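Asks: with the input below, show me the fold.
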Amino acid sequence: MTQDTNVKKTIVGLGEILWDIFPDAAKFGGAPANFACSAAGLKTIPAEVYMLSAVGNDAFGQQAIQSLLSHNVCINAIQQNAKATGRVNVTIDQQGIASYEFAADTAWDNLKWSDDCARLAAKADAVCWGTLGQRSQASQNVIQKFVSATPPQCLRVLDINLRSPFWSKSLLQHSLPMANVLKCNEDELPVLSETFDMNGDDHSILLQLQQRFSLKMIALTRGAQDSILVQECGKIQQTETSQIPSIPTQIVDTVGAGDCFTAAIVLGMLNNMKLTDLHSWACQASAYVCSQPGATPRIPVKLHQR
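Replies: The predicted structure is shown next:
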C-alpha cells in the first residue's frame, strides 16, 4: 500500500451496537462497536473513527452513545429508532470463553440508508462489518450498500463473526466477494472452507481464499495457540505470511479481543507497517483485552501504535 499516512483517515465500524449482559453487570459491546472503540484507542495516525449503527430511545441507547463518545468514536452516523437498543446475555465458562444469547428485532436490525451514510461511505479508508449485523434484511441492505459505495482503495474488512443461527452460506457467499480483508477464527475457517469448497490444512485454505477473492490480508486467530496473517505483496499470486504464538495472559474474558486484533490490523495496514511488526502489535493488544473485563477496556499508552 502506498497511502499518505499524513492525511487524516476515516475508519468505520458498521453493524450492531448492543449491551453484553454479564452475570454481574451490563457492558457496552457489539463486534463493530468494539472494533471502533479499539481503533480509536490504539490509533496514533491521524484518523477519525465512526460507528454506523442504530440505538433505541431508551437508557441503554443513551449509554451506548456516551460510551462511544468516551472512547473518542464519532457518533454522527448513529441512528435512533423506536426499537429497543440491542442486548445479549453473555455466559462465561471456566476457561473464560463466552457464549451469547441475542435479543430479537432490536434497533440495529432496523438501519436505514441516508445521505449521511452515502457521504461517510464516500470518504471511508477502512470499514469493518460482519454477518451478525446483517441478520435482518433491512440492515443487510444498508450494510451491503455502504460497503459497495466505499472507494476502490478502501480497506473492506469482513470479520465474519458467526453467531448461530444468524448466518447462512448464502450470506457468506454474498459478503466475502465484497471484502478485500478477511478476519476469522479457528472455528470459522472450516465453515469458509466448506462454503467455498476448499481442502487442505489451515495455511492452504488461507492461501486459496486469498487468491480466489484477491484479498489484501487474511487474519486467522486460533485462540490460545497462535495467529496467522497472509498478506498480498503487490505481485500476482505473491504473498507474505506471519505466524506468531499467542501471548500468555491471565484471561478474564475473551470478549472483544478479536475485535481489537482486527483494529490493530487495520491501523497497521493504513500506516504501512511491516507485516511482522503489525502482527506482533496486534497480538499484544488483543492479549491485553483478554486480561481485562468487558470488550472495550482503555488501551494503555504502552500499546499505542508507534
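Asks: quick one: average confidence on the helix or strand hosting residue 208?
Replies: In the assignment (DSSP states H and E), residue 208 maps to helix 202-213. On average, the pLDDT along helix 202-213 is 96.
Asks: what mean pLDDT does whichever helix or strand comes after it have?
Replies: Next helix or strand after helix 202-213 toward the C-terminus (DSSP H and E): strand 217-222. Mean per-residue pLDDT for strand 217-222: 96.
Asks: partner strands of strand 217-222, with direction?
Replies: strand 181-185 (parallel), strand 226-232 (antiparallel) (DSSP bridges).
Asks: what angle sits between the helix holding residue 208 and strand 181-185?
Replies: Interaxial angle of helix 202-213 relative to strand 181-185 (axes from the mean of the first three to the mean of the last three Cα atoms, to 10 degrees): 150 degrees.
Asks: work out the gap between helix 202-213 and the centre of the chain.
Replies: Distance of helix 202-213 from the chain centroid (Cα atoms, centre = their mean, to the nearest Å) equals 20 Å.
Asks: who touches it?
Replies: By Cβ atoms under 8 Å, 6 or more residues apart in numbering, the residues outside helix 202-213 that reach it are 176-177, 179-180, 182, 186, 189, 192-193, 196, 198-200, 215, 218, 220, 222, 228, 230, 232, 237, 239, 241. Where C-beta positions appear, they are placed from N, C-alpha and C, glycine not excepted.
Asks: most packed of the strands paired with strand 217-222?
Replies: Among these, ranked by average contacts under mean count of other Cβ atoms under 10 Å, first place goes to strand 181-185 (a mean of 23).
Asks: ok, then the element right after that strand?
Replies: Downstream of strand 181-185, the next assigned helix or strand under DSSP H and E is helix 188-195.
Asks: in that next one, what counts as buried?
Replies: 188, 189, 192, 193 (16 or more other Cβ atoms under 10 Å).
Asks: which members of the residues you listed are the farthest-apart pair?
Replies: The span of these, defined through Cβ to Cβ, is set by 188 and 193 at 9.8 Å.
Asks: and stretch 146-164, end to end?
Replies: Using Cα to Cα, to the nearest Å, the span of stretch 146-164 from its first residue to its last is 24 Å.
Asks: quick one: the helices in the chain?
Replies: Using DSSP state H, the helices of the chain run over 31-42, 59-70, 115-122, 137-148, 169-175, 188-195, 202-213, 257-270, 275-290.
Asks: most tightly packed of those helices?
Replies: helix 31-42 (a mean of 29).
Asks: from memory residue 68 sits against residue 76, does it?
Replies: No: with contacts counted by Cβ atoms under 8 Å, residue 68 stays clear of residue 76, the gap being 10.6 Å.
Asks: adding mean pLDDT and distance to residue 24, write the strands paired with strand 217-222 out as a markdown table.
Replies: Formatted as a markdown table, these follow (pLDDT from 0 to 100; distance: least, Cβ to Cβ, whole Å):
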| stretch | mean pLDDT | distance to residue 24 |
| --- | --- | --- |
| strand 181-185 | 97 | 26 |
| strand 226-232 | 95 | 30 |
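Asks: of all the ones you listed, which one is nearest residue 256?
Replies: Nearest to residue 256, of all the strands paired with strand 217-222, is strand 181-185, at 13.3 Å by Cβ to Cβ.
Asks: CA atoms only: put that closest one into CSV for me.
Replies: Below are the C-alpha coordinates for strand 181-185, written out as CSV (Å, rounded to 0.1, in the frame of the first residue of the first chain):
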residue,chain,number,x,y,z
VAL,A,181,-9.5,-8.0,4.1
LEU,A,182,-10.8,-11.1,6.0
LYS,A,183,-10.7,-11.8,9.7
CYS,A,184,-11.8,-15.2,11.0
ASN,A,185,-11.1,-17.6,13.9
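Asks: looking at this protein, which helix or strand is least sure?
Replies: In the chain, the helix or strand scored least confidently by mean pLDDT, DSSP states H and E is strand 98-102, which has a mean of 81.
Asks: what's in contact with that one?
Replies: By Cβ under 8 Å, 6+ apart, strand 98-102 touches 18, 20, 86-93, 132, 163, 166, 253-255.
Asks: at 6 Å what do you get?
Replies: Contact with strand 98-102 is made by 88, 89, 90, 91, 92, 255, as judged by Cβ atoms under 6 Å, 6 or more residues apart in numbering.
Asks: list the beta-bridge partners for the third one.
Replies: For residue 90, the residues forming beta bridges with it (DSSP bridges) are residue 100.
Asks: contact partners for the nearest residue to residue 123 once chain neighbours are set aside?
Replies: Leaving out its chain neighbours, the residue that sits closest to residue 123 by Cβ to Cβ, 6 or more residues apart in numbering is residue 10, at 4.9 Å. Taking Cβ under 6 Å, 6+ apart, we find residue 10 in contact with 48, 123, 124, 125.
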